[in-house]
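Q: Just need the structure, nothing else, for what follows:
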Amino acid sequence: MNSKRFLQLTGLTGLVWNTKSFADTQAVNKPVVISTWAPNVKANKAAWDILSKGGAALDAVEAGVMIPEADPTDNSVGYGGLPDRDGKVTLDACIMNHLGQCGSVLYLEHIMHPIKVARLVMEQTPHVQLAGDGALKFALSKGFKKQNLLTPQSEKAWKQWLKTSQYDPNRSVKELEEKIKREQQKNEPWPVASLNHDTIGMLALDANGNLSGACTTSGMAFKMRGRIGDSPIIGAGLFVDNEVGAATATGLGEEIVKICGAHVIVEMMRNGTSPEDACKEAVRRVIKNNGDKTNTIQTGFIAINKKGEYGGYSVGNNFTMAIRHSQLETSVETKSWF
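A: Next up, the predicted model:
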């Protein structure tokens, strides 16, 4: 579903729709929040409820990304996320504040809100990352309760995948999407409306001029057990430098890790590059690494600087970002290389 259609179907009001691939904005009045993918206008609203009252960017991004984490219809984040090839839902998340402090959880099972656990790693341990059983043990010690995160819809999609068990996750997802279309044409809707991988990354600049970011995902559909992408890796899926700006990523995580995508973007902005052009440089590096295979992948980046200017760029088209500040509530398609 494209961004414009999403807004029409959900009946969201007060939104200014812009179908153009936007260039970098002029500086906007603080606060401002941006996130990957058009449906996350809902997540931005939760963040804005905090920012508009003078709240901290860190609290805003945490609250914002918890919206898709709790949404059973979101197949790439939290509850409802598609499982790995063994039928297990494993979650990754990270968070970073304006002081350069950060926390991350990798390969976390049974906990709906990994972003909350990641924040506790940052604030209550001497570590940056906790993984697997250790992350779960830590979460349980902090009062979190184990939950079954595999929804009936995601379980059905996984069982369908098992009929072929082809390990190329991108190809498998594409084949399932084709099946969805066939079932819908027969008026027998497939239970999972979309299998697109759409990690949420969120960046906020609060009224005090402080930046924070968060990123959370269930990872690639039907991934190999134990696979980790870019989302929980500081410097790849997310990076914040309060002197400069912040960046986050979505898409094929392996390619983002290879270029340390979010860190590259922030360092480009440090040297005076605009947010959009900094994201474009990250995309260029992904393309350089992949050559003729580039048309089989998608990665997207968004960024914001200390002035409140924001931008984004992706390898292929149809990558969108959601934006919210005092003058605007919208979703736009970013520019793309192809």
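
Q: in the helix or strand hosting residue 153, what's buried?
A: Using DSSP states H and E, residue 153 sits in helix 152-162. When neighbours are counted by 16 or more other Cβ atoms under 10 Å, the buried residues of helix 152-162 are found to be 153, 154, 155, 157, 158, 160, 161. C-betas here are computed from N, CA, C, even on glycine.

Q: Give the closest residue to the second one in space, chain neighbours not counted.
A: Counting by Cβ to Cβ, 6 or more residues apart in numbering, the nearest residue to residue 154 once its immediate chain neighbours are dropped is residue 82, at 5.2 Å.

Q: burial measure for that neighbour, as a count.
A: By other Cβ atoms under 10 Å, the residues close to residue 82 number 27.

Q: now it: how far from residue 298?
A: Going from residue 82 to residue 298 by Cβ to Cβ, to the nearest Å gives 17 Å.

Q: What of residue 58?
A: For residue 58, the distance to residue 298 equals 29 Å [Cβ to Cβ].

Q: So if I had to pick from those two, which one is more boxed in?
A: residue 58 (26 against 22).

Q: In contact with the closest residue to the more buried one other than its chain neighbours, which residues?
A: Nearest residue to residue 58 in three dimensions, chain neighbours excluded: residue 212, at 4.1 Å (Cβ to Cβ, 6+ apart). By Cβ atoms under 8 Å, 6 or more residues apart in numbering, the contact set of residue 212 is 56-58, 60-61, 95-98, 203-204, 206, 240, 246.

Q: Now render those as CSV, adding pLDDT, secondary structure and distance to residue 308.
A: Formatted as CSV, those follow (pLDDT from 0 to 100; DSSP: H, G, I helix; E, B strand; the rest coil; distance: Cβ to Cβ, whole Å):
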residue, pLDDT, secondary structure, distance to residue 308
56, 98, coil, 16
57, 98, helix, 12
58, 98, helix, 17
60, 98, helix, 14
61, 98, helix, 15
95, 98, strand, 21
96, 98, strand, 18
97, 98, coil, 18
98, 98, coil, 14
203, 98, strand, 11
204, 98, strand, 11
206, 98, coil, 11
240, 98, strand, 15
246, 98, strand, 12
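
Q: Closest one of those residues to residue 31?
A: Closest approach to residue 31 among the contacts of residue 212 (Cβ to Cβ): residue 206, at 4.8 Å.

Q: what sits against the residue nearest to residue 154?
A: 75, 76, 89, 154, 157, 158, 192, 195, 218, 221, 222.

Q: And for residue 117?
A: Each residue near residue 117 by Cβ under 8 Å, 6+ apart is listed here: 93, 105, 108, 111, 130, 135, 138, 139, 142, 144.

Q: which residues does residue 77 contact?
A: Residue 77 is in contact with 65, 68, 69, 71, 198, 199, 200, 216, 217, 218, counting by Cβ under 8 Å, 6+ apart.

Q: any idea whether it is helix, strand or coil?
A: Under DSSP: H, G, I helix; E, B strand; the rest coil, residue 77 falls in the coil class.

Q: Could you find the closest non-adjacent residue to it?
A: Take residue 77 and drop its neighbours on the chain: the residue closest to it by Cβ to Cβ, 6+ apart is residue 68, 4.3 Å away.

Q: correct me, but the one you found touches residue 43?
A: Yes: between residue 68 and residue 43 there is a contact under Cβ atoms under 8 Å: 5.8 Å.

Q: hey, what's in contact with both of the two?
A: residue 200.

Q: My guess is residue 88 contacts residue 109. True?
A: Yes: under the criterion of Cβ under 8 Å, residue 88 makes contact with residue 109 at 6.3 Å.

Q: who's more crowded, these two?
A: It is residue 109, of residue 88 and residue 109, that has more neighbours when counted by other Cβ under 10 Å, with 18 against 14.

Q: Need the phi and psi values for the more buried one.
A: Backbone torsions of residue 109, given as degrees, to the nearest 10, read phi -110, psi 150.

Q: Contact partners for it?
A: Contacts for residue 109 (Cβ under 8 Å, 6+ apart) come out as 88, 89, 90, 91, 136, 149.

Q: Max pairwise distance over the contacts of residue 117: which two?
A: The span of those, defined through Cβ to Cβ, is set by 93 and 142 at 14.6 Å.

Q: Residue 60: neighbour count?
A: By other Cβ under 10 Å, the residues close to residue 60 number 28.

Q: Of the contacts of residue 212, which is the nearest to residue 326?
A: residue 206 (12.5 Å).
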